[in-house]
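Peer 1: Here's a sequence, model it:
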Amino acid sequence: MLESGRDTGRSQPLGHLSEQGQVLLTMFSDERKDGSPRFVKLHFPVGLWINSPKKHFAKLGRRWPSVGSVKSTSSDTASRGSEPVEMRPATKNKASRHKRLSTLFQRGGVGGPTGGGGGRWASEKKLADIIDPLPEDRVQPPSQGEVPGVLKIYGGDISTGANYKSVLATVRSTARQLVCEALERYGVAQPNAEDAYVLCDVVGSVHGPDSSWQAQYLRAVGDSERPLVLQDVWKPKTGCTRRFEIRRRCDVERMAEGEDEDGSGINSQTRRQQSRRSRAASGGHVAPKERADNLSLRRSISEMNLSTKRRRERKGVLSMAIGDPAEGGAAEEPRLKAAEGADGPSAPASEEAAVDSSNLEHLSQCLIQPPTEHPYFLQLLGYNEKQEFVIHVMTRRRHIFGRPERRPAPDQSSYVDTFLTAPDILPRHCCVVSSVPPADPSQPRGSAMVRPFRGASITHNGAPLHRQVELAPGDLLGMGQHFLFMYKDPRAAPAPPAWLPKAWVSPGLVGALACQACGRSLQERQEAFRAYLKSREPQLRYRPQEQEALLAEIVRLQETPNCRLGPAFLFGLCLEHAARELEPGHLPRLIARIAQLVKEAVWDKIKEIGDRQPENQQDKGETGNLSIEEVAADLRPLMLWMANSMELLNLVQKRVLDIEKDLDLEGASHNALLSSDLETCDEAMAVLDEVIMSTFQQSVYYLTKTLYSALPALLESNPFTATADLSHVPELSSMPEGIRGTLAIYQATLELTRDCDLHPDLVSQTFGYLFFFSNASLFNTLMERGSSQSLFQWAKAVQIRTNLDLVLDWLQGVALGDIATEFFRKLSTTANLLCVPKSSLLQAPWSRLRNDYPALLPAQLQHVLRNYQLGPGRLAPECWDPPEEERDEIAHSDIFESFTDHPPLILPCDGFRLRLSEPVSDDVLHRQLVRLRRFLWELERESLPANQRAVYGLDSSQ
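Peer 2: Residues are numbered from 1 along each chain as shown. The predicted model follows:
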């Protein structure tokens with residue numbers, strides 16, 4: 001077995017192939033004419049110049065696809081670099097290598113031409129001759145470069161952990177033959193195994209500290225390809241290496257199908273680069289299919305075969321016509337074709353090649369860079385754009401625009417620099433005089449001057465021009481009805497053009513409704529203003545400088561009777577106006593400001609309520625509890641802010657969703673401003689969440705504080721008194737005295753939530769917390785005072801059960817029965833246990849009592865049974881004793897209900913009342929909206945000069 005050798009040499013420049021390099025562009029045009037699929041696989045590598053074939057053909061040889069790549073799905077750019085296997089011994093005769101490559105590129109079919117002047121290699125059959133095995137009668141004896149060599153074939157798919165197997169190969173060995181030898185070396189003895197495996201040309205590089213090899217490009221080698229010729233002629237790029245692997249054919253085909261479907265895999269980056277180059281250079285009037293087949297459009301203009309002479313001519317193109325202007329358009333095309341023929345390849349070009357050259361000419365004209373030392377005019381609109389230049393350079397200090405004339409110019413005074421062929425252009429239409437350079441280079445350069453000739457139609461920044469004016473860089477110059485130019489001077493300091501509008505600000509009512517420039521009469525403007533003031537449309541216009549005063553006025557509106565959700569509605573109109581009329585960054589700042597104002601208002605109200613509590617008043621000699629009416633009056637501002645904050649939070653969330661959509665489209669990593677705006681909105685929503693939580697906590701705190709003193713009467717009072725009328729349960733006045741105070745608190749709370757338009761979910765959670773507190777307080781009182789106040793007996797239990805039933809029936813009548821039944825379960829279960837007749841209770845064992853009253857914990861059940869009053873001298877029966885396994889748990893358990901296990905506050909997601917897209921139907925809210933509109937108009941009118949306030953003819957009292 002021969003040891004593998006490594007040839008570190010590169011492909012040598014091939015002088016005798018210089019003629020082939022001149023014919024390469026013509027070859028691609030002929031390829032496309034046949035419609036052969038091989039064309040799309042043979043692409044020029046990026047950055048390849050073909051001006052000097054003799055100098056650069058060595059680079060082309062290194063990067064050209066493999067001999068058999070016309071049948072594969074590889075990309076158009078192969079890699080080059082050192083290979084793990086080279087032919088051994090290395091040839092020392094350069095003529096042998098020269099001859100082998102010459103044969104590769106010039107071998108023709110039987111009887112075909114072999115010369116380089118045919119425009120292509122020779123014919124379409126030359127590639128087939130290289131791919132297919134040669135007939136035996138044409139095989140020549142091996143030369144010095146065809147001696148056997150050692151080829152390493154890696155077979156990880158066959159044997160796990162195996163590195164590679166070495167096989168003998170010559171330049172005539174095909175890939176299929178090497179697959180058979182490799183399978184034999186790996187011990188694969190299956191019949192027709194060579195059909196299930198394929199040889200792959202894999203290019204990769206070494207990565208990481210462990211020198212692991214990572215594949216970057218994989219291509220299935222055709223069965224008739226010669227791997228030694230492939231690895232000797234086409235080398236990977238610098239930094240990459242090649243190795244041959246044997247893989248299952250089905251896996252390789254599946255990989256190729258997956259790459260074609262989703263563009264992923266090793267070669268996806270190459271395909272994306274090809275796609276981008278194709279889109280970037282897809283200019284010109286070319287059909288989509290023809291553009292996809294045209295290799296010249298896959299490369300930028302810097303990669304085209306442009307001669308030095310033509311590039312020099314294009315850089316020096318000036319916007320002046322020399323010769324007969326009337327016939328310039330017709331004469332220009334033959335001149336360009338003649339120049340192209342002089343600079344093109346020496347071989348005769350076909351019709352397809354001429355089309356490609358025309359496309360190259362169009363692309364080269366589209367990529368002209370503007371001058372950096374001279375002023376110029378950028379043409380924005382034209383009369384015949386197919387025959388007109390885009391850039392017109394001022395090569396003289398005086399630049400004259402005019403129409404071409406057929407008669408010769410009589411003198412130098414009628415000289416025209418730029419010809420415009422529109423019918424409304426005069427022979428001498430306009431004159432532009434550039435500024436004189438200042439003596440001191442540090443001083444700014446003066447402006448140019450533009451002057452129309454008599455009778456010429458010219459506009460300057462949209463306004464008609466009749467006499468000489470200054471022309472600043474960026475100004476728009478219109479000539480006639482067809483031409484529009486922008487004047488540019490790269491020597492002047494950059495400045496925004498005069499026609500560019502300033503940063504837009506909300507015009508307010510004057511700009512939107514009372515602007516005299518809109519052409520409306522005084523009466524029409526007055527009617528528009530009055531219609532806006534009285535309109536029920538949800539619209540509130542204001543300027544940014546009036547925003548703070550407007551927000552403060554809305555906060556004070558909360559104290560207005562019957563306004564309810566007015567602050568949230570008006571804040572929402574402000575958000576709508578900012579999102580629609582003001583710059584995008586203003587909306588997040590407005591949301592944060594509104595949240596801060598609401599928080600400050602709520603904090604002030606909480607402090608006021610705390611100061612009015614009896615325990616905080618030092619001047620009173622006797623401390624007493626506030627009535628439910630006084631508590632409801634104090635809690636009304638907090639309830640209103642809770643309802644408004646909930647509605648406002650919903651409106652803000654809708655605006656934040658719009659910002660998140662923009663962030664998803666633009667990407668967080670590409671737009672820091674959107675990310676910052678989103679963070680500002682998140683902080684504002686957190687403030688609103690805190691406001692809702694604080695108002696809820698303060699409300700239930702003062703309500704439960706009032707309930708605490710009223711609840712014990714429910715356990716102590718007797719409902720079966722002469723004054724109680726149980727036939728009229730809904731009437732609070734007919735209720736027994738013991739439960740009347742508790743029901744009064746529930747009724748006042750219900751009226752307060754309805755009067756404040758609190759969200760239904762928050763109403764339910766408010767009463768849920770009150771019922772939770774009532775149940776826990778009554779149950780703990782019963783467990784604490786049951787034995788001392790004789791509550792654990794049948795007669796007292798019936799009174800408690802009756803009072804509780806009356807409360808639940810009343811709550812059922814106000815649509816709160818389901819919530820009350822859920823939270824009063826423990827107290828109700830205890831009352832039911834005590835209402836069991838004594839005789840039946842004495843016979844009930846512990847296990848049955850646990851099953852019948854599961855709401856009670858074992859410790860609570862034992863406490864009730866142990867303290868149950870059976871009578872003097874009677875002991876509890878043994879059947880009430882818990883089993884041994886539960887006694888330890890009962891001894892360490894608490895019999896009281898914890899107030900910390902209250903239900904959490906969950907903010908609602910739907911069911912909101914405000915609709916900003918509908919007209920305002922509430923009369924009170926409409927009056928407040930009209931008042932704010934008048935308030936804003938007064939602020940805006942005060943900012944106007946005194947001599948202009950009466951010009952608009954608008955009176956806020958109208």
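
Peer 1: Give me the below-cutoff pLDDT ranges for the protein.
Peer 2: Counting by pLDDT under 70, the low-confidence segments of the chain come to 1-147, 160-162, 259-367, 407-413, 501-520, 522, 617-624, 666-670, 722-730, 945-958.

Peer 1: Can you tell me the strand partners of the longest strand along the chain and which way each runs?
Peer 2: In terms of residue count, the longest strand belonging to the chain (DSSP state E) is strand 197-207. Sheet neighbours of strand 197-207, with direction, are listed as strand 212-220 (antiparallel), strand 240-248 (antiparallel) (DSSP bridges).

Peer 1: who touches residue 584 in this structure?
Peer 2: By C-beta atoms under 8 Å, 6 or more residues apart in numbering, the contact list for residue 584 reads residue 677. Where C-beta positions appear, they are placed from N, C-alpha and C, glycine not excepted.

Peer 1: Then it would be within a helix, right?
Peer 2: No - counting by DSSP: H, G, I helix; E, B strand; the rest coil, residue 584 is not part of a helix but coil.

Peer 1: if we can go back for a sec, buried residues in the longest strand of the chain?
Peer 2: By neighbour count on 16 or more other C-beta atoms under 10 Å, the buried set for strand 197-207 is 197-204.

Peer 1: Number of residues surrounding residue 594?
Peer 2: By the measure other C-beta atoms under 10 Å, the count of residues near residue 594 is 25.

Peer 1: For the closest residue to it other than its chain neighbours, what is the enclosing helix or strand?
Peer 2: Excluding the flanking residues, the one nearest residue 594 by C-beta to C-beta, 6 or more residues apart in numbering is residue 571, at 5.3 Å. Using DSSP states H and E, the element containing residue 571 is helix 566-581.

Peer 1: If you count neighbours, what's buried in the helix or strand following that helix?
Peer 2: From helix 566-581 onward toward the C-terminus, using DSSP H and E, the following helix or strand is helix 586-611. Residues of helix 586-611 classed as buried under the neighbour-count rule (16+ other C-beta under 10 Å) are 586-592, 594-595, 597-599, 601-602, 605-606, 609.

Peer 1: contacting residues around residue 704?
Peer 2: Residue 704 sits next to 769-770, 773 when contact means C-beta under 8 Å, 6+ apart.

Peer 1: Show me just the buried residues among those residues.
Peer 2: 769-770, 773.

Peer 1: For residue 873, list the residues it contacts.
Peer 2: For residue 873, the contact set (C-beta under 8 Å, 6+ apart) is empty.

Peer 1: Please apply the same query to residue 433.
Peer 2: Each residue near residue 433 by C-beta under 8 Å, 6+ apart is listed here: 397-399, 448-451.

Peer 1: Residue 647 is in contact with residue 567, isn't it?
Peer 2: No - here residue 647 does not reach residue 567: they are 9.1 Å apart, not a contact under C-beta atoms under 8 Å.

Peer 1: Looking at these two, which is more packed in?
Peer 2: The neighbour count for residue 647 versus residue 567, taken as other C-beta under 10 Å, is higher for residue 567 (28 against 21).

Peer 1: my guess is that one meets residue 557, correct?
Peer 2: Yes - counting by C-beta under 8 Å, residue 567 touches residue 557, with 5.7 Å between them.

Peer 1: Next, count neighbours for the closest residue to residue 569 other than its chain neighbours.
Peer 2: If you skip the residues right next to it in sequence, residue 569 has residue 914 as its closest partner in space, 5.6 Å away by C-beta to C-beta, 6+ apart. Applying other C-beta under 10 Å, we find 17 other residues in the vicinity of residue 914.

Peer 1: Give the phi and psi angles for residue 914, as a check.
Peer 2: Here the main-chain torsion angles of residue 914 (degrees, to the nearest 10) amount to phi -80, psi 140.

Peer 1: do residue 451 as well
Peer 2: As for residue 451, its main-chain torsions (degrees, to the nearest 10) stand at phi -140, psi 130.

Peer 1: dump the residue contacts of it.
Peer 2: Residues in contact with residue 451 (C-beta under 8 Å, 6+ apart) are 430-433, 467-468.

Peer 1: Just send these back as CSV, with distance to residue 151 and secondary structure too.
Peer 2: Supplementary listing: these in CSV, determined by distance: C-beta to C-beta, whole Å; DSSP: H, G, I helix; E, B strand; the rest coil:
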residue, distance to residue 151, secondary structure
430, 76, strand
431, 78, strand
432, 73, strand
433, 77, strand
467, 86, coil
468, 83, coil
